[in-house]
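In: Turn this into a model:
(2 chains)
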Amino acid sequence: MSGWRPKRKLPKQSELPQQWSTALPDYVNALRFSPAGTLLAAATLAGPVVVLDAAQGDIRYQLDGHAGGSFAVAWSPDGKLLATSGQDGMVHLVDATTGSLVAQMEGGDAWVEHVTWSPDSQYLAAAAGKVAQIFSAQGKILTEVKSHASTISSLVWLPQAELLVTSCYGGLQFLSLEDAQPVKRYGWKGSILSLVVTPDGKYLASGNQDNSVHVWRAHNGEDFQMGGYPTKVTTLAFSANSHTLATGGGKEIALWDFSGKGPAGKKPTILNGHTGLITDLVFARMSGQQRLLSVGRDGLLCTWAPNLSPRTISLTNGDAPLERVAADPQGRLIAVADKVGRVSVFVHQ
Amino acid sequence: MATEGTEKKVPVTVLTGFLGAGKTTLLNRILTENHGKRIAVIENEFGEIGIDNDLVVNADEEIFEMNNGCICCTVRGDLIRILGNLMRRKDKFDYILIETTGLADPAPVVQTFFVDDEIGAQLALDGLVTVVDAHHIHLHLDESDECKEQIAFADVILLNKTDLCTSEELERLESRIKSMNRFAKVHRTQNCALDMERLLNIGAFDLSKALEIDPQFLTDTAHEHDATVTSVSIDLPGDLDDKRLNKWIGELLRERGTDIFRMKGILSLKGEERQLVFQGVHMLFDNAIGRPWGQTPRGNKLVFIGRKLDQEEFTKGLRACLA
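Out: Purely as a prediction, here's the structure:
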């Protein structure tokens, strides 16, 4: 990575205590704690969506999910509903406590790869191939936008704006609750794999197929790019204070400083700890302090300390490559899923 | 500690050919003759496929150019998504077949395996099979770039529906196809009947297998030449200078990469006991040190397939690399 000066001093290692571990039927496409942190939902590629007791690991309920494979699960932020989607082209809404079906909606002919709730729990967005839909919390369709140039790769809600941003090959589209056409487009000729937004809504950042990260200012579309990644960038996350963007891609995490005037002209901080490809990362408030959690094909879960200096870290040795990580919103538990569908939960210390 | 990349790569064969050439017939034949194996089929065109324990996924061709605008970094976004998904399943497949649309450009399909690291790590592109309707191909061969590309990229070409052609027609067609693509093994078929071992697990992109460049393709016979798509083959004795070779190949791919569809070669480097084998698609390039020369006479054999390639220019270029 030209211009990047990775710190080679490896962090100290320690084991996190494991709370429980269980084998699910297949690869876990999505892993999410409920807002209260009591339940853990896993969408499996075999089809079933399994909802586990977060503290004990027992199955609370299991949904049939989606024939061919389930892709996404999303708890409504108010904790009342769980949305699921999958290869059968369907979106299901179930009661979060009981798992009983509340509504099912047709996403379209294509796989429904993404579902996401608006921050106020009023709206559920879904992406099926080139079609984006917005539903009410009762499952009523409010709007449908079919004018995407290619398969939608990500959906994010702009905080406080009631705008949904979709990404696909060709750029970003801003969708409103009413219009059948995007209200705004930021074109960019590249293949976007994953899109995130700062919690303050100022910046959007994408990880791309061409080994780069692209950033837009949300209000005017001014954009810039960070390159030099050794692989495509499939995972990235903003910190809660909107000041830091953490990006995967390869074995190192790059942290970009978005405080002040943004990252342009600044060098990233490099976090070394993984020895395999980083597959997922997330910022979380653990035990009252900000942490970055990352997992990789090396089978390691790393938790990075509040100032994100690469010195303090906890590692746990896994058996299989890890693919997903999720944090309990109450800041106590960390869940990981490995390549063959084993879900394990650790207690943060 | 977990390790990655230790599992055996799943082979992938790409089937191309114009609509009506017989791709679906061939697919069904492969599925029938390989029953008991778990095969995933990615289809870009709807066909009547018989499946039992196999999986069929329909795909919409999505061609992604990377931001640098280079033609060689064009990949198939739909395949990256679908193949990625197939490989995550616990229940692994023995084989994957990708059927392209009749009008598909094979380059982005092939390049997907070179460019995407996750796909390259888990899947092995085995070969490109092109089905040609021997009776109707003359309607397309002169006008259609896609038709020429499908022939030029192929490792195996089935001249199908031979029962509808005279033997002179077939001779002429085969000769023309060979002038376009000298790597490909050309088979004459009816109803796509052919031994599976000539179609599947041929390892056409596997550098660890000794590259087979049939000497007969290296002698320039009186082929009927296609004006635009040709094969250039060079057979040059002697050892090459490493640095000069790198410079020549680098310049060649930079300047002519768009026109070079595929290339393969076995080269003899001065001071190297073993063969240098290489292959490429447009500007994407892959090489490895192969087996020792041993009793084999040292020398350099290269084949390039592409548009408007000049035999003399290429030969001169390589000759200048001799140590």
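In: Quick check: residues of the stretch 201-323 of chain B near chain A?
Out: If contacts are counted using Cβ under 8 Å from any Cβ of the partner chain, no residue of the stretch 201-323 of chain B sits beside chain A. (Each C-beta comes from the backbone N, C-alpha and C, glycine too.)
In: What is the burial count for the residue of the stretch 201-323 of chain B found nearest chain A?
Out: Distances between the stretch 201-323 of chain B and chain A by Cβ to the nearest Cβ are smallest at B:L284, namely 13.9 Å. Residues lying near B:L284 (other Cβ atoms under 10 Å in any protein chain shown) number 18.
In: Repeat that for B:A59.
Out: Burial of B:A59 is recorded as 22 neighbouring residues (other Cβ under 10 Å).
In: go on, the one 3 residues further on?
Out: Counted with other Cβ under 10 Å, the neighbours of B:E62 add up to 21.
In: My guess is it contacts B:T74. True?
Out: No: judged on Cβ atoms under 8 Å, B:E62 makes no contact with B:T74 at a distance of 10.9 Å.
In: how much space between B:R262 and A:T116?
Out: B:R262 is 43 Å from A:T116, where distance means Cβ to Cβ, to the nearest Å.
In: May I see the buried residues of stretch A:78-91?
Out: Using 16 or more other Cβ atoms under 10 Å in any protein chain shown as the burial criterion, the residues of stretch A:78-91 that qualify are A:79, A:81-91.
In: Could you dump the residues you listed into a markdown table and include distance to B:V132, secondary structure and pLDDT?
Out: Converted to a markdown table, these look like this (distance: Cβ to Cβ, whole Å; DSSP: H, G, I helix; E, B strand; the rest coil; pLDDT from 0 to 100):
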| residue | distance to B:V132 | secondary structure | pLDDT |
| --- | --- | --- | --- |
| A:G79 | 60 | coil | 97 |
| A:L81 | 55 | strand | 98 |
| A:L82 | 52 | strand | 98 |
| A:A83 | 49 | strand | 98 |
| A:T84 | 46 | strand | 98 |
| A:S85 | 42 | strand | 98 |
| A:G86 | 39 | strand | 96 |
| A:Q87 | 34 | coil | 94 |
| A:D88 | 37 | coil | 94 |
| A:G89 | 36 | coil | 95 |
| A:M90 | 41 | strand | 97 |
| A:V91 | 44 | strand | 98 |
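In: close to chain A, is the biggest strand by length in chain B?
Out: Assignment by DSSP state E gives strand B:123-133 as the longest strand of chain B. No: residues of strand B:123-133 are not located near chain A by Cβ under 8 Å from any Cβ, the shortest gap being 15.6 Å.
In: which neighbours does that strand have in its sheet, and in what orientation?
Out: For strand B:123-133, the paired strands and their directions (DSSP bridges) read strand B:10-17 (parallel), strand B:156-160 (parallel).
In: and that strand, what's its mean pLDDT?
Out: Throughout strand B:123-133, pLDDT has a mean value of 95.
In: For chain A, name the helix or strand with the lowest mean pLDDT.
Out: The helix or strand with the lowest mean pLDDT-type score in chain A, counting by mean pLDDT, DSSP states H and E, is strand A:313-317 (a mean of 61).
In: Can you name the next helix or strand after that one?
Out: Toward the C-terminus, strand A:313-317 is succeeded by strand A:322-327 as the next helix or strand (DSSP states H and E).
In: Now do whichever helix or strand comes after that following strand and strand A:322-327, the angle between them.
Out: Secondary structure here is assigned by DSSP H and E; on that basis, the next helix or strand after strand A:322-327 toward the C-terminus is strand A:333-338. Here strand A:333-338 runs at an angle of 160 degrees relative to strand A:322-327 (axes from the mean of the first three to the mean of the last three Cα atoms, to 10 degrees).
In: Can I get strand A:333-338 in PDB, CA atoms only?
Out: Presented in PDB, the C-alpha positions along strand A:333-338 are these (Å, rounded to 0.1, in the frame of the first residue of the first chain):
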ATOM      1  CA  LEU A 333     -21.800 -10.200  24.100                       C
ATOM      2  CA  ILE A 334     -20.000 -10.700  20.800                       C
ATOM      3  CA  ALA A 335     -21.300 -13.200  18.400                       C
ATOM      4  CA  VAL A 336     -19.300 -14.700  15.500                       C
ATOM      5  CA  ALA A 337     -20.200 -17.200  12.700                       C
ATOM      6  CA  ASP A 338     -17.700 -19.400  11.000                       C
END
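In: And the contacts of that strand?
Out: In this structure, residues lying in contact with strand A:333-338 by Cβ atoms under 8 Å, 6 or more residues apart in numbering or on different chains are A:16, A:19, A:24, A:27-28, A:31, A:33, A:37, A:40, A:42, A:54-55, A:284, A:286, A:293, A:295, A:299, A:301, A:303, A:318-328, A:343-348.
In: packing partners for the next helix or strand after that strand?
Out: Taking DSSP H and E as the definition, the helix or strand that follows strand A:333-338 towards the C-terminus is strand A:342-347. Helices and strands touching strand A:342-347, by 3 or more Cβ pairs under 8 Å, 6 or more residues apart in numbering or on different chains; DSSP states H and E, are strand A:18-23, strand A:39-44, strand A:333-338.
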